[in-house]
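A.B. asks: Give me the fold of what follows.
(one chain, ligands or ions: 1)
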Amino acid sequence: MTLQVEEFRKDYERVVKGMYGLSVEEASPFQLYNALGAYVKSFAGEHWSRTKTEYEKKQVKQLYYFSMEFLPGRMLKSNLLNLGILDVVREGIEDIGLDFHSIVQAEEDPALGNGGLGRLASCFMDSIASLGIPGSGSGIRYRYGLFQQRFIDGHQVEVPDNWLRNGNVWEVRKENKAVNVRFGGQVYMAEQKGRLIPVYENTRTILAVPYDTAMIGYQNELVNNLRLWSAEIPPEDYVHYSSISAQQEVNQLTEVLYPDDSNYEGRILRLRQEYFLCSAGIQSIVRYYKKLQLPLTMIAEKVAIHINDTHPALCIPEFIRILIDEEQLTWEQAWESCKKVMSYTNHTIMQEAMEKWPIEMLKAEVPRIYQIIEEINRRHIEKKLPLYGEELTYQTAIIREGVVNMAHMAIIGSHSVNGVAQLHTTILKNEVLKPFYEMYPTRFNNKTNGITQRRWLQLANEELTQLIDEKIGTAWKKKPSELTILKGFVNEDETLKQLEDVKLRNKKRFARYVKEKMDITIDPNAIFDVQIKRLHAYKRQLLNALHIISRYLEIKENPNAAIQPRVFIFGAKAAPSYLYAKQIIKLINAIAELVNNDPDVGDKLKVVFVENYGVTLAELIIPAADVSEQISLASKEASGTSNMKLMANGALTVATLDGANVEIRNYVGEENIFLFGLTSQEVYEYYENGTYSSRQIFESNPRLIKVLNTLIDGTIPDIQEEGRVIFDSLVQYNDEYFVLKDFEEYISVQREVDELYQDKQAWYRKSLWNIANSGPFSADFTIMRYADEIWKIDSQMPEIELS
Ligand code: Z16
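C.D. replies: Numbers count the residues shown, from 1 in each chain. This is a model prediction of the structure:
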């Protein structure tokens, strides 16, 4: 079915009139957006319903991707692209005399995730649909997304993200698919017809109502589902909810996303959210499976459940609860199915991110689930003790020292555990999860993360997309490996020049935004140096800041020296309770204040810290980046994904050998990446021998002394407190993330960056080489491997070929 411009115009004008009683000239940008969204939704509706019926009729095995976070970004353009009607619709809109861009911008960016993990889940949703894999997402419909960030006097201030204020055109409320989720009370086992069944007392029941959103495959007529659950008061249960406080408890449940990235907060409400998702999701899966009229003992042949980090790990005991308490399976039957169905991805080795719920909390909130966890643990210990002895076995216990270790439960209850980059998986096997690797060597595997080039190249960087199309044709859009054909162009001056022009136009576009939003003038001919990711000590935005101070001091000492101009661009939110991260934000904003207003500095150095970084801003910044900062302390960043997005858009990477940077290095070669710093092995050696002394490095490096002194001597304005805290963290408290250790090498590699940029041809040769090598980081490859090796699910389009 091909859509004609004329036909679209007529349809669209009718939809606007039908929805608002207005002509397109009278409608506001938001109304125009909403009407276009409704139009797109109905356009996809046919495929959506057909996909669902097909899956059911063929009884295909389906994947359910459970995640507490999804970060889809704006959906209008992406849906139009995937439906294959982006150009026609844009042309039609512009024919009417409307501004397509302002319609696109009227959409809210749903921030139902924190960062990498949530965005990965959404890239995966796009790839799963685009590869024709039967699968859906399962998450929470938070009433408020991740806070919006404002800067006041350089400090981060959080504003609630009321993203549903004007409704959400993409979602469909499915009240008839609602399920009950039970919390609290007491539970005891009673005999009934010769079986032990649980009897509950004083529980509170909450209604889980799903809202479905179409996940549209890339030009393949296939539409999957993202199901987000919302908590409501069960209408028939008004007696229990007569008090205001009882009502408030329900309303709170799915009210807001916890704003912690790679950090465990241990709040009771978060535990309730996790169980709410798991219980609602598993109930709806079992309900669907039962419609197929197959024996419950065979559920693993039709269902695969993926647990995105430990946040939804309660899927495991909930699955067992339903199979034994409600479906009368034996423990052994339920447990065997559980292991076959479940798989788990680990996303971090940071100890502070590990979920460990106090026993008392679980007992109080989900007493039956706690009993089941105890039983899983008891059987695990009983079985492994004779095989592995006490030491190893107790290291793998689920319950220990008053807490339930969710990672241990996730590993024991699944058939697959994967890390998200080669190095990360190696560290899991050899360090963090070593006892488990000894016990279950075949359960461990790697699935390096990926990104969808559809959003991050085709949509975000239309000009680069067009250039690539001109050079190598359009097959790469379905077959990302074909990007390697670009390697044939690295010695073509004309291509390199065209690439330079594209980059310059993208930089100008971002410069306009910076001028308009922040009233800072930046020179598009300067190097645009970009670090965009959550603010975390281990990611070392501070190292970047120290480099900027060092450059500033050099300019001040020698104002007439010729230096390569550079604009340092930051985007980062700090968790509201993460004081140190907020102090670093204040520091960088203060540095910006200082250098941007110093007449000695001029265009040589500018610092731009964009407010409220998220998917939408990433789409503007990434195409404009020359340098990609991936400078976490080696071993700490599980994978990183902005590294992949920036590379695909032709930025050169300044990196430590951490996460997926290692694989980027392997693809592009040492000459095409700027490496520096400790290796993960060296970091582990320092931990073992305990010989790191940051003070010694500080005292023996005159440049470091000068740079660090600016934190405490008043050079940088208005950071009395922050400057002192940060200085002390580096010098006094032995610099947990080896910032000082890596400083000198970082400075010197940055000098190489400046030098290379003097030779534009050499620079863009490397830039093109990076783009040409970015194909392997397509999430399509990643998902193909998950589907083949973990989920054992076939594509509905067997002819598909990615390489
Ligand atoms: C998160 O975004 C990540 C890990 C984690 O434990 C929790 C959250 Cl919310 C990130 C990793 O830090 C990052 O390295 C990785 O690329 C990303 O998850 C996706 O795997």
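A.B. asks: In three-state terms, how would residue 320 be classified?
C.D. replies: helix (DSSP: H, G, I helix; E, B strand; the rest coil).
A.B. asks: who's in contact with it?
C.D. replies: By Cβ atoms under 8 Å, 6 or more residues apart in numbering, residue 320 lies in contact with 331, 334-335, 338, 372, 376. In short, each C-beta sits where N, CA and C put it, glycine included.
A.B. asks: 6 Å instead, please
C.D. replies: 334, 338, 372 (Cβ atoms under 6 Å, 6 or more residues apart in numbering).
A.B. asks: Tell me, how many residues neighbour the spatially closest residue to it that is not a sequence neighbour?
C.D. replies: The spatially closest residue to residue 320, leaving aside those adjacent along the chain, is residue 334, at 4.7 Å (Cβ to Cβ, 6 or more residues apart in numbering). Neighbour count of residue 334, defined by other Cβ atoms under 10 Å: 22.
A.B. asks: Same check on residue 394?
C.D. replies: Neighbour tally, residue 394, other Cβ under 10 Å: 14.
A.B. asks: can you check residue 232 too?
C.D. replies: The number of residues packed near residue 232 is 16, by other Cβ under 10 Å.
A.B. asks: Need the phi and psi values for the nearest residue to it once chain neighbours are set aside.
C.D. replies: Spatial nearest neighbour of residue 232, excluding adjacent residues (Cβ to Cβ, 6+ apart): residue 207 at 4.5 Å. Backbone torsions of residue 207, given as degrees, to the nearest 10, read phi -90, psi 130.
A.B. asks: ditto for residue 106
C.D. replies: phi -70, psi -10.
A.B. asks: and it, what is it in contact with?
C.D. replies: 29-30, 33.
A.B. asks: so how far is residue 520 from it?
C.D. replies: 26 Å (Cβ to Cβ, to the nearest Å).
A.B. asks: Take the contacts of residue 106 and keep only those in helices.
C.D. replies: 29-30, 33 (DSSP state H).
A.B. asks: Among those residues, pick out the one closest to the ligand, please.
C.D. replies: residue 33 (29.0 Å; Cβ to the nearest ligand atom).
A.B. asks: Identify the residue spatially nearest to the residue of the chain found nearest the ligand, adjacent ones excluded.
C.D. replies: Distances between the chain and the ligand by Cβ to the nearest ligand atom are smallest at residue 116, namely 2.8 Å. Distance criterion Cβ to Cβ, 6+ apart; nearest residue to residue 116, sequence neighbours excluded, is residue 641 at 5.3 Å.
A.B. asks: what about that neighbour, neighbour count?
C.D. replies: 25.
A.B. asks: quick one, phi/psi of it?
C.D. replies: phi -130, psi -20.
A.B. asks: where does it land on pLDDT?
C.D. replies: Residue 641 carries a pLDDT score of 98 in this model.
A.B. asks: Next up, the contacts around it.
C.D. replies: So residue 641 contacts 116, 449, 451 (Cβ under 6 Å, 6+ apart).
A.B. asks: at 8 Å what do you get?
C.D. replies: Neighbours of residue 641 in contact, by Cβ under 8 Å, 6+ apart: 116, 119-120, 123, 449, 451, 660.
A.B. asks: so where do the strands sit in the stretch 401-550 of the chain?
C.D. replies: Counting by DSSP state E, counting those that start in this stretch, one finds strands in the stretch 401-550 of the chain at the ranges 403-405, 417-419, 444-446, 527-532.
A.B. asks: quick one: average confidence on the first one?
C.D. replies: Confidence over strand 403-405 (mean pLDDT, whole number) is 98.
A.B. asks: Give the next helix or strand downstream of whatever helix or strand residue 102 lives in.
C.D. replies: If you go by DSSP states H and E, residue 102 is part of helix 100-105. Reading on from helix 100-105 to the C-terminus, the next helix or strand found by DSSP H and E is helix 116-130.
A.B. asks: Okay, now the sheet partners of whichever helix or strand comes after that following helix, with direction.
C.D. replies: Counting by DSSP H and E, the next helix or strand C-terminal to helix 116-130 is strand 135-140. Sheet pairing for strand 135-140, assigned by DSSP bridges, gives strand 62-66 (parallel), strand 223-232 (parallel).
A.B. asks: Turn those strands into JSON lines, columns for mean pLDDT and distance to the ligand.
C.D. replies: Converted to JSON lines, these look like this (pLDDT from 0 to 100; distance: least, Cβ to the nearest ligand atom, whole Å):
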{"stretch": "strand 62-66", "mean pLDDT": "99", "distance to the ligand": "13"}
{"stretch": "strand 223-232", "mean pLDDT": "98", "distance to the ligand": "17"}
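A.B. asks: any idea which of these is most buried?
C.D. replies: strand 62-66 (a mean of 25; mean count of other Cβ atoms under 10 Å).
A.B. asks: What is the next helix or strand after it packed up against?
C.D. replies: Counting by DSSP H and E, the element after strand 62-66 in chain order, helix or strand, is helix 76-83. The contact analysis (3 or more Cβ pairs under 8 Å, 6 or more residues apart in numbering; DSSP states H and E) places helix 76-83 against helix 29-58, helix 86-96, helix 100-105, helix 116-130, strand 204-216.
A.B. asks: For the contacts of residue 106, which single residue is the most surrounded?
C.D. replies: Neighbour-wise, the contacts of residue 106 (other Cβ under 10 Å) top out at residue 33, 22 neighbours.
A.B. asks: Surely that residue and residue 101 touch.
C.D. replies: No: with contacts counted by Cβ atoms under 8 Å, residue 33 stays clear of residue 101, the gap being 11.1 Å.
A.B. asks: Give me the common contacts of the two.
C.D. replies: By Cβ under 8 Å, 6+ apart, no residue touches both residue 33 and residue 101.
A.B. asks: What is the burial count for the residue nearest to residue 232?
C.D. replies: For residue 207, using other Cβ under 10 Å, the count is 20.
A.B. asks: Could you pull up the contacting residues of it?
C.D. replies: Residue 207 neighbours (Cβ under 8 Å, 6+ apart): 178-181, 231-235.
A.B. asks: OK, contacts around residue 323?
C.D. replies: Applying Cβ under 8 Å, 6+ apart, the residues contacting residue 323 are 286, 296, 299, 329, 333-334, 337-338.
A.B. asks: Quickly check those residues for the two that are furthest apart.
C.D. replies: 286 and 333 (13.8 Å; Cβ to Cβ).
A.B. asks: Contact residues of the chain facing the ligand?
C.D. replies: Within the chain, the positions lying close to the ligand (Cβ under 6 Å from any ligand atom) are 114-117, 120, 261-262, 309, 347-348, 353, 420, 449, 637-641, 659.
A.B. asks: I am finished for the moment; much appreciated.
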